[in-house]
Every structure is written in C-alpha cells, then in structure tokens.
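Visitor: I'll drop the sequence and a predicted model, then ask my questions.
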Amino acid sequence: MTLHPAVEAVTARIVERSRAGRQAYLDLIERERDGGVDRPRLSCGNLAHGFAASGEDKAAIRDGRAMNIGIVTAYNDMLSAHQPYGRYPDQMKLWAREAGLTAQVAGGVPAMCDGVTQGQKGMELSLFSRDTIALSTAVALSHGMFEGAALLGICDKIVPGLLIGALRFGHLPTILIPAGPMPSGLANKEKQRVRQLYAEGKVGREELLEAESASYHGAGTCTFYGTANSNQMMMEVMGLHIPGAAFVNPGTKLRQELTRAAVHRLGKIGWDGDDYRPLGRCVDEKAIVNAAVGLLATGGSTNHVIHLPAIARAAGILIDWEDIDRLSAAVPLIARVYPNGSGDVNHFQAAGGMAYVIATLIDGGLLHRDILTVAGRDLGDYAADPKLDGETLAWEPAPATPRDETMLRPVSDPFQPDGGMRLVQGNLGRGTFKTSAVASERWTIEAPARVFDDQDQVTAAFKAGELDRDVVVVVRFQGPQANGMPELHKLTPPLGVLQDRGHRVALVTDGRMSGASGKVPAAIHLTPEALAHGPIAKLRDGDIVRLCGHKGEISVLVDPADWDAREPASPPPPASGTGRELFAFMRAGADTAERGGSAMLAAAGL
C-alpha cells in the first residue's frame, strides 16, 4: 500500500528539520560501538567488580564468551503494574543461559504511580520523574558490562524515561519488556458514576473507596487507556517489543513465553549476533512518526505530546505539535477504549488489539512498514497475535475484521475521520485539545473565565456553588517551570458534574490533564506557561475565552489595547515539602511543554 501523502510529508518535514542533530547522534553511537566502554576495554579490577557476585554466570562473564544483557528494572511492589517484575530477573537469567547468554540487573529506576499521587503534592514530581528515570538508566548502563539491554517498565513516565536514557547508549540492542494489564474489574462507567456522586456529596468516602478498589484490584497495569497503555501501544508500532507483547495479562504462560522470547531475541540482535540491531537505528524518524500515528489512531494519551518530543530529541530527532496536528488531520480514529469508549484494554485486546490496529493502519498507508524492528523483517510482523501452540510460542495473522466494532474499526470505516488531538493556538498561546474524547457539539465553548492558581481553589469554588454556570475554568502556574506540570485529573469529576447539569464548561491550563482525559473540553499544556509570562498569566475573572476544536483556536476576546496593557499576575511562592524543593533545579531549567518540559535535555543541548 502506498504511504499516505500526509504521513510522507510530515516524515520528510521531520527528517529535514532533524538532519544535523540526527547525524550527530548516529556519529555518537557509532563512536560508542567502536570505542566506548565495554568489557574488553575494562581493566581487571573493573571487570572483577562487575562479575564478583554473578554466581554460576561468573566464568562466562569473566571470559567474555557470552553476550551479557543488562536488565534495567522499574520493579516495586507498591505499583500494581510493576509488581510482576519482581520475579523477572531470575527467570530471565535462566532463559539467557538457554540461549548461551548471561544477564545481570544493571540497575533499578524509580516508578511512581500517578494514580496514587493524583491531586496530591507528590504529583508535582511526576513529570520530572521521567528525567530521573532517564538519568538512572544512564547510570545503570554506564558500567560498560553489557552488549544489550532489556528494559522492564510500563507506566506513565517510566517507558519514556527508560527509552530516553537507553537511547544515549543507542549502540546497544535493546528490547522493552512489558508485564501486561490486570484483568478487568468494576466497569469504568460505574467507577466514573461513583466519582461524580462523591464530588456532589451524594456518596461517602467508603463507597468511593469500594468502587476504586474494585476497579484497581490486582497486579498489572490499570485497564483504562491512559498513558501507561498508550506507552505499550507506541512500543508496538515502533517495533520495540516482541510482537503482540503489549496487552497479555500477567501471570499467564503466554506472558512468560513472550518474555522468554525477548531474552532469546536479544542474543540474535546483539552486536556479536547474526542480526545486529542497535536501539539508536531502530528509533529513527519513521519510528517516531509511527508512534504519533498510533497515538492518534487509538485515541491515546495527551501526555505523549510532551513525551514523544523528549524521546525523539534523545535520538537527535525534532518533532513538534504542528507535526502531530497535521497527522491528526489525516489519521482516522479507529479505536474506542475507555474513557473514549465503554470497554477497557482487555476488551480491546479481545477485539483484535494491536495486531488488528497495525494491520489496518499498514493497509491504509498510515504506518511506515519499512522500519528496523527488534523482531523480524519489518513492522508487518507486528500485525499478528501471539498464541501458544501446545508449549510453543507462535503467531497467527490479525483478524480480517474486528471482533467487536464498538471498540475497533478498519481505516476504511473509522469512528471519526481524524485522530482527535488538535493543536489549538491564538492569543493565549499554543496547547492541546483531545477532541476524540469529547462530544462534537462541545468542541466549541465560549464563556466567561474563572481564574485559579491551583486545583484546590477550583474544588473549593465548586463546592461553594460558584461554578454552577457556563464557565471556562482557568488553572495557571501549573507548567514545568512553575511546579513541575502536575496532572489535574482531580478536576475531572467536578467539571463533569457541571457539564452534566447542562452548562457549557471547559478547562484551560498550562498544566497537564490525565492522559485519559475524559468528556470535558480542555485546552491543556498551554505554552508559554504563566511563570514564563505566557498570555495565560494576564487572564482575569470574567474575560470571555473561546476554545474551538474545529478551528484549532484558543483565544481571549478582549480589546487588544486593554490586553496589551495588562501586567501578568504574580506567581505563588515556590512550594516545599514532599521533596519538591529538591527538584528546584529541574523547574528552573525546564524548557517548554512542546519540547518535552525537560531541564536535562535542555542543559545537554539536545
């Protein structure tokens, strides 16, 4: 199938913009492959430290007879998605020996849970945890003991952080290994109903806790289609998983065999293997475009319009929100997974999952098939479902048609003709509007602003009845430089209540919303942010704000002379406590949301 002209044009635009940076990156990984730190170049003292505690693998690591895989793990047993990783390293060492390889845990990275920190002070560390994870990954791989890497991570900032860190060691063949979603629990619509009842004071904390614990009930990734599951989708369309690994439940034989296959495959693509495939060559401009297309086609997380530019920069590639907006106009929405539909990722998987998504997008000319993956020939190998044939892992072609057309559609008959993630811009700056989650009659909202400096003020105003009208709720000083750009998911229930009462409601913020943003229109990630004297800092209560997803507009309807004469509001004092003061250097150095909100990448000149 011929590549869609919009995908071809955006790819060419990115290639041209990235030419110098990409070449510098490729030169870097070539130098690291030929002359960087690796086992043959380590001194005897260095090497002895590296294998001192490696048990039965000690002789093989000492003699350099086998490829050594560095495992970077995000294991902790507080976070349900990462709890299954506890047993992985011991299993992976056994599977490595089967293939004549060795494996060691190179290091651990933090894995914070946005679900635990939503609405809490800890959420102000969330975005910067991505860069902390990238730095931790770099530390883990810096020992020079490894000829390949296995990255164990799933959730919101963890996959982007692992990938950013590993890309700076892009000469190493690398596979990302997920652990899978938890089985389905309480229906998502019921969970949402109880949350809104709690926001209205109609049910108590005990009823709310019962609903939440019935939804998030066991080991595995949360089953709604937020950032964590969007991560897994992106790793599939970028060809960085074993095909079909994304949405297989933990604790199953199939999940175990997919992990085993990943370990064995690393031996094949290692630098002394038969089919050397370094990570930095796999993650190229086409793979980055595939990630954006997959995000748009499936109604994925808005957080990735921040993470994807950061991942790309680590590989010398520059992508911006206009690229994503141009792709959104061409890529149809072919999946409806909660909160954009009623079923969760387990239902999505049963309906055909990533195998069907990749098959229909390739057939429609919307994905680059000809990318270098960690698996077989090209991305076409990912248009297949993993199965067990007795004890043997095998793949069968994706279904010819979706098994549930309320969840999946072919490119030829989509849910809507565009990807539903719009760039909105105007005299309030540039931001993101996830239209795919919002009823089309609400894509345009024009109403008086009510301006706040934090989300707790919004909640208090809601409870006091001050927002029971048509209103654009503005929450500013929430950008990376101000307070680390926390998600404002806590606002979803009260704003949903106001909308259900018949009011025209929207949110405008320089912060983030949940990657699973729901039914309320929202212009998020507004840049420049308020602390950088962005226009949002000049808004006042009563100003008429217009948000339009049809025209891609976010504007305040104020006399230009009056607007130009206004002084920006004074920011609140810097927060402290919950470790937030330790991240002051990241806030001070953070670049814009459109570039990824990273002090680390900015300081590195990437």
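Guide: Structure's in. What do you need?
Visitor: Tell me how far the host helix or strand of Ala292 lies from the chain's centre.
Guide: Element membership for Ala292 (DSSP states H and E) is helix 285-298. Centroid separation for helix 285-298 versus its chain: 12 Å, with Cα atoms, centre = their mean, to the nearest Å.
Visitor: helices or strands next to it in the packing?
Guide: helix 5-35, helix 227-237, helix 304-314, helix 321-330, helix 353-363 (3 or more Cβ pairs under 8 Å, 6 or more residues apart in numbering; DSSP states H and E). C-beta: built from backbone N, CA, C; applies to glycine.
Visitor: Model confidence for the residue lying closest to Met182 once chain neighbours are set aside, exactly?
Guide: In space, and not counting its chain neighbours, Met182 is closest to Gly220: 3.1 Å by Cβ to Cβ, 6 or more residues apart in numbering. Listed pLDDT for Gly220 reads 93.
Visitor: how about the helices and strands packed on helix 285-298, which one is nearest Asp378?
Guide: Shortest distance between Asp378 and the helices and strands packed on helix 285-298, using Cβ to Cβ, is found for helix 353-363: 9.4 Å.
Visitor: what sits up against the helix or strand just after the closest one?
Guide: Next along the chain after helix 353-363, taking DSSP H and E as the criterion, comes strand 384-389. Contacting residues not belonging to strand 384-389 are listed as 242-245, 248, 253-254, 257-258, 353, 355, 393-398 [Cβ atoms under 8 Å, 6 or more residues apart in numbering].
Visitor: Just the buried ones out of these, please.
Guide: The neighbour count (16 or more other Cβ atoms under 10 Å) marks 242-245, 248, 254, 257-258, 353, 355, 393, 395, 398 as buried among the contacts of strand 384-389.
Visitor: Which strands or helices does the lowest-mean-pLDDT helix or strand in the chain pack on?
Guide: In the chain, the helix or strand scored least confidently by mean pLDDT, DSSP states H and E is helix 188-199, which has a mean of 79. Where contact means 3+ Cβ pairs under 8 Å, 6+ apart, helix 188-199 is packed against helix 205-215, helix 492-500.
Visitor: Kindly recompute the last result at 10 Å.
Guide: helix 205-215, helix 455-463, helix 492-500 (3 or more Cβ pairs under 10 Å, 6 or more residues apart in numbering; DSSP states H and E).
Visitor: Need the winner for burial among the ones you listed.
Guide: For the helices and strands packed on helix 188-199, the largest average neighbour count (mean count of other Cβ atoms under 10 Å) is found in helix 492-500, namely a mean of 21.
Visitor: any idea how far it is from the chain center?
Guide: In terms of Cα atoms, centre = their mean, the gap separating the centre of helix 492-500 from the centre of its chain is 25 Å.
Visitor: quick check: angle from it to helix 188-199?
Guide: Calculated by axes from the mean of the first three to the mean of the last three Cα atoms, to 10 degrees, helix 492-500 forms an angle of 90 degrees with helix 188-199.
Visitor: Please identify the deepest-packed of the helices and strands packed on helix 285-298.
Guide: For these, the largest average neighbour count (mean count of other Cβ under 10 Å) is found in helix 227-237, namely a mean of 28.
Visitor: Mind checking the pLDDT average for that one?
Guide: Averaging pLDDT along helix 227-237 yields 96.
Visitor: next one: stretch 164-175
Guide: Per-residue scores along stretch 164-175 average to 98.
Visitor: ok, and the closest non-adjacent residue to Ala140?
Guide: That would be Gly107: by Cβ to Cβ, 6+ apart, it lies 2.8 Å from Ala140.
Visitor: Can you say which helix or strand has that neighbour in it?
Guide: Counting by DSSP H and E, Gly107 is part of strand 102-108.
Visitor: So what are the sheet partners of that strand and their directions?
Guide: Here strand 102-108 has these sheet partners by DSSP bridges: strand 68-73 (parallel).
Visitor: can I have the strand it pairs with written out in CSV, keeping just the CAs?
Guide: Backbone C-alpha positions of strand 68-73 (Å, rounded to 0.1, in the frame of the first residue of the first chain) are rendered in CSV as follows:
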residue,chain,number,x,y,z
ASN,A,68,25.8,-10.1,28.7
ILE,A,69,22.3,-8.5,28.9
GLY,A,70,21.9,-5.5,31.2
ILE,A,71,18.4,-5.6,32.9
VAL,A,72,17.1,-2.2,33.9
THR,A,73,14.0,-2.7,36.0
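Visitor: Now the element after the helix or strand harbouring Val472, going C-ward?
Guide: Following DSSP H and E, one finds Val472 within strand 471-475. From strand 471-475 onward toward the C-terminus, using DSSP H and E, the following helix or strand is helix 480-483.
Visitor: List the buried residues for stretch 470-487?
Guide: Within stretch 470-487, the residues that qualify as buried are 471-487, counting by 16+ other Cβ under 10 Å.
Visitor: How about stretch 402-412?
Guide: Of all the residues in stretch 402-412, those buried under the rule 16+ other Cβ under 10 Å are Pro402, Met407, Leu408, Arg409, Pro410, Val411.
Visitor: May I see those residues arranged in JSON lines, with distance to Arg326, pLDDT and secondary structure as well?
Guide: As requested, the buried residues of stretch 402-412 are exported to JSON lines (distance: Cβ to Cβ, whole Å; pLDDT from 0 to 100; DSSP: H, G, I helix; E, B strand; the rest coil):
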{"residue": "Pro402", "distance to Arg326": "27", "pLDDT": "97", "secondary structure": "coil"}
{"residue": "Met407", "distance to Arg326": "27", "pLDDT": "96", "secondary structure": "coil"}
{"residue": "Leu408", "distance to Arg326": "25", "pLDDT": "98", "secondary structure": "strand"}
{"residue": "Arg409", "distance to Arg326": "22", "pLDDT": "98", "secondary structure": "coil"}
{"residue": "Pro410", "distance to Arg326": "23", "pLDDT": "98", "secondary structure": "coil"}
{"residue": "Val411", "distance to Arg326": "18", "pLDDT": "98", "secondary structure": "coil"}
